[in-house]
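Student: model this:
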Amino acid sequence: MVGIPKHFYPGDSTAKVAICVPVRDNVTAAFSYSLAMLLKKCGETGLKTTLHMVIGSEVASQRQQLVNEALETSCTHILWLDADMRFPINTLVALLSHKKNIVACNYSTRVEPHRPVAFLSKVDMDERLEATTGMHKVIAVGMGCMLVNRKVYESIPKPHFGVEWNEDYTSLVGEDLYFCTKSADHGYNIWIDGDLSRNIAHIGTSAYTL
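Tutor: Now for the predicted structure:
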């Protein structure tokens, strides 16, 4: 079961949320259960949602396709959920309550060394957010659980996602950090809900031996 933060989050009757999920091959059982419970909660509270999935192997392209599809609806926000995440039933309500243009959850990488995916510095990628309470502004964060206001995509020119080399060509910068950087360049802050982040899990795989 997924823990639920002990907070009251006021509802938002004006929100219409496109839930967007880029999928490679399959979704995890934990994700399926989390999504089903989240949609059940939305139904019970009257929060309007649509669900969008694009299957493929090029996540930057998948995310752009999902944005294009979502913007064809009357959505006010896009909720990004990765297919290997586990999250509480009130995740969407919690993120909406902050009334931020971009607000996300911090979570751990799936492989060792396990580290947070929220970054505090453009220069030192080892400087990451460790806090698990309160709201925090960051430089960038993985998009496994992120809520974005529609106007962000409407005000930023395409492409919204891409993959680039870092400055010394030693590694690639993923599509999620690309989006965060582009958003920041256009004046949007990126926020982390530390309390909700404690209840988010990133599902990995392990090989077990005797």
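Student: For burial, what's the neighbour tally of the closest residue to residue 174 other than its chain neighbours?
Tutor: Nearest in space to residue 174, with sequence neighbours left out and distances taken as CB to CB, 6 or more residues apart in numbering, is residue 163 at 6.4 Å. (Glycine included, C-beta is placed from N, CA and C.) For residue 163, the neighbour count with other CB atoms under 10 Å is 14.
Student: Roughly how far does residue 163 sit from residue 92?
Tutor: 28 Å (CB to CB, to the nearest Å).
Student: got it, and residue 160?
Tutor: Distance, residue 160 to residue 92, using CB to CB: 21 Å.
Student: Looking at the two, which is more packed in?
Tutor: Neighbour tally, residue 160 and residue 92, criterion other CB under 10 Å: the higher count belongs to residue 92, 27 against 19.
Student: and the strand or helix carrying the more buried one, average pLDDT?
Tutor: Assessed by DSSP states H and E, residue 92 sits inside helix 91-97. The pLDDT scores in helix 91-97 average 96.
Student: and if you look at stretch 116-131?
Tutor: Stretch 116-131 comes out at a mean pLDDT of 85.
Student: any idea how far residue 24 is from the closest residue to residue 131 other than its chain neighbours?
Tutor: Leaving out its chain neighbours, the residue that sits closest to residue 131 by CB to CB, 6+ apart is residue 194, at 4.9 Å. Per CB to CB, residue 194 is found 29 Å from residue 24.
Student: And for residue 187?
Tutor: For residue 187, the distance to residue 24 - CB to CB - is 33 Å.
Student: Specify which residue of the two has the higher count of neighbours.
Tutor: Taking residue 187 and residue 24 together and counting by other CB under 10 Å, residue 24 has the greater number of neighbours (14 against 10).
Student: And the more buried one, how close does it get to residue 59?
Tutor: Residue 24 sits 8 Å away from residue 59, going by CB to CB.
Student: swap in residue 176?
Tutor: In this view, residue 176 and residue 59 are 8 Å apart by CB to CB.
Student: Between those two, which contacts overlap?
Tutor: Taking CB atoms under 8 Å, 6 or more residues apart in numbering as the contact rule, residue 176 and residue 59 both touch residue 161.
Student: So between those two, which is more surrounded?
Tutor: Legend: neighbour count by other CB under 10 Å for residue 176 and residue 59, higher for residue 176 (22 against 19).
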